[in-house]
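K.L.:
Attaching a predicted model along with its sequence, questions to come.
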Amino acid sequence: MDDIFQSTSSPSSKKKLSSSILNDIITTMKEELQSELNEMKEKYSFDFQLELPINNKKIIWVKVKSPKKLTEPSKCSF
C-alpha cells in the first residue's frame, strides 16, 4: 500500500486514491451483503433496511419471520 502512495506526487493525489479504494471496498461490501440477503430471502420471509454508510457507521436492520417465528428486529453494526 505504501508503494502506491509513494508513486503519487501530491497529498491530494493520495487522498483521491484512498477515496477511490474505499469507495470500491464499500461498493463490493454492499454487493456481497445484497447477495447474502437475497440468499436468505429464499430461505426466510423477512424485511430489511440496508444503509451504507451513515456518519462512518454501517447499520443493517433486519426483521425476520422464520419457522421459529423470530419477529423481533435485529441490529448489526460493524
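P.N.:
On my side now, so go ahead.
K.L.:
Can you name every helix or strand that the lengthiest helix in the chain contacts?
P.N.:
Within the chain, and with DSSP state H defining each element, the longest helix by residue count is helix 11-43. Judged by 3 or more Cβ pairs under 8 Å, 6 or more residues apart in numbering; DSSP states H and E, the packing partners of helix 11-43 are helix 2-6, strand 45-54. For the C-beta atoms, the positions are set from N, CA and C on the backbone; glycine is no exception.
K.L.:
quick one: low-confidence ranges for the chain?
P.N.:
Low-confidence regions of the chain, defined by pLDDT under 70, span residues 1-14, 44-78.
K.L.:
50 - rerun?
P.N.:
Counting by pLDDT under 50, the low-confidence segments of the chain come to 1, 3, 68-70, 78.
K.L.:
if we can go back for a sec, what comes up buried for the longest helix of the chain?
P.N.:
Buried residues in helix 11-43, counted by 16 or more other Cβ atoms under 10 Å: none are found.
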